[in-house]
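1. Generate coordinates for the sequence data below:
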Amino acid sequence: MHDNSAANALTENGDKNTLEHSLEIPVDAPRFSNLGQAVANQEHGGLHHQQHILVVEDDPTLATLEADILTAHGYHVVAVASGELALATLHHTIPDLVVLDLELPGEIHGWDVLQTLRAQASIPVLITSSSVTNARKYLRNRGESRQMLDHLSKPYSLQALLKRITRMLPHLPSQ
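-> Numbers count the residues shown, from 1 in each chain. Predicted coordinates:
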């Protein structure tokens, strides 16, 4: 067990659970892709490991649409609706890519999740936001490659989402 884990950060506060902003992602936390089993790719006759995507989106309709289209294209998708749930999920497993809404309800916003990801792990992040100016400014200041950090302005088509993910994760399960 990890002494500095999110399990320790998740504490009882009166009658509700709260999650501290600082979260250490354990070095030995399994990546989602390490948990996935090799699955037969019927279309191409080969074997591959499913790539895992964490979708952090508070709009249930959009989260469902994203999860459905990504699952249909061979990804394993976990969708959560808050920054708190995103950090708790990231403590236990590390996805191959995170689709992150910056405008989340609650005490932990998308920016907080992004800062934690950037400080603790090297995971590609596709930011989704209607706040184009702030996201683009952040991307320019970070100077990271677009394969590691990119932005998709809301509203966007599901095809645009797939195209970005294809660029960020070049080894698509459906290829």
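2. In this protein, where is pLDDT below threshold?
-> By pLDDT under 70, the weakly predicted segments of the chain are 1-49, 132-147, 170-175.
3. how about the strands in it?
-> If DSSP state E is used as the criterion, the strands of the chain fall at 10-13, 16-19, 38-41, 46-49, 52-56, 76-80, 97-101, 125-129, 149-153.
4. what's near enough to touch the residue nearest to Gly110 when sequence neighbours are not counted?
-> Spatial nearest neighbour of Gly110, excluding adjacent residues (CB to CB, 6 or more residues apart in numbering): Leu102 at 3.5 Å. C-betas here are computed from N, CA, C, even on glycine. Shown here is Leu102, whose contacts under the criterion CB atoms under 8 Å, 6 or more residues apart in numbering are His109, Gly110, Trp111, Leu114, Ile127, Thr128, Ser129, Ser131, Asn134, Ala135.
5. buried subset of those residues?
-> With neighbours counted by 16 or more other CB atoms under 10 Å, the contacts of Leu102 contain buried members at His109, Gly110, Trp111, Leu114, Ile127, Thr128, Ser129, Ser131, Ala135.
6. give the contact list for the fourth one.
-> Read it as Leu114. Leu100, Leu102, Val125, Ile127.
7. Many thanks, I have nothing further to ask.
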